[in-house]
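# sequence unknown, structure follows:
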């Protein structure tokens with residue numbers, strides 16, 4: 001299982017702070033599964049960075065191993 005943690009606007013769109021998703025998978029497959037489970041993510045998820053075990057996923061082809069945490073981070077204003 002993969003643990004998915006949502007932050008800020010992604011959390012609001014998903015309606016949950018965290019959830020478990022079957023794995024392993026790719027970034028593209030995870031994005032598809034998340035938008036199917038939470039349709040409101042359709043507008044937010046394309047703008048989000050995905051961190052796999054703390055490292056930004058470089059592409060949608062990136063494989064996500066089982067038993068890791070994926071953080072879904074929308075762009076943040078300010079700095």
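Received the coordinates, thanks. If you're wondering where the values come from, they're calculated on a predicted model, not measured in any experiment.
# name the element residue 12 belongs to?
In this assignment (DSSP states H and E), residue 12 forms part of helix 8-14.
# which elements pack onto the next helix or strand after that helix?
Later in the chain than helix 8-14, the nearest helix or strand by DSSP H and E is strand 18-21. Counting contacts by 3 or more Cβ pairs under 8 Å, 6 or more residues apart in numbering; DSSP states H and E, strand 18-21 packs against strand 2-6, helix 27-37. All C-beta atoms are positioned from the backbone trio N, CA, C, and that covers glycine.
# need the ones you listed in CSV (columns: mean neighbour count).
Compiled in CSV, the helices and strands packed on strand 18-21 are given as follows (neighbours: other Cβ atoms under 10 Å):
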stretch, mean neighbour count
strand 2-6, 20
helix 27-37, 17
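# for residue 59, which of the ones you listed is the nearest?
Go through these one by one with Cβ to Cβ and the one that ends up closest to residue 59 is helix 27-37, at 6.9 Å.
# now the element after the closest one, going C-ward?
The C-terminal neighbour of helix 27-37 among helices and strands, as given by DSSP H and E, is helix 41-44.
# tell me the strands beside the helix or strand following that next one, with direction?
Counting by DSSP H and E, the next helix or strand C-terminal to helix 41-44 is strand 49-52. Each strand paired with strand 49-52, and its direction, by DSSP bridges: strand 55-56 (antiparallel), strand 69-73 (antiparallel).
# got JSON lines for the ones you listed, with distance to residue 41 too?
Listed next are those as JSON lines, based on distance: least, Cβ to Cβ, whole Å:
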{"stretch": "strand 55-56", "distance to residue 41": "18"}
{"stretch": "strand 69-73", "distance to residue 41": "8"}
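# all set, thanks.
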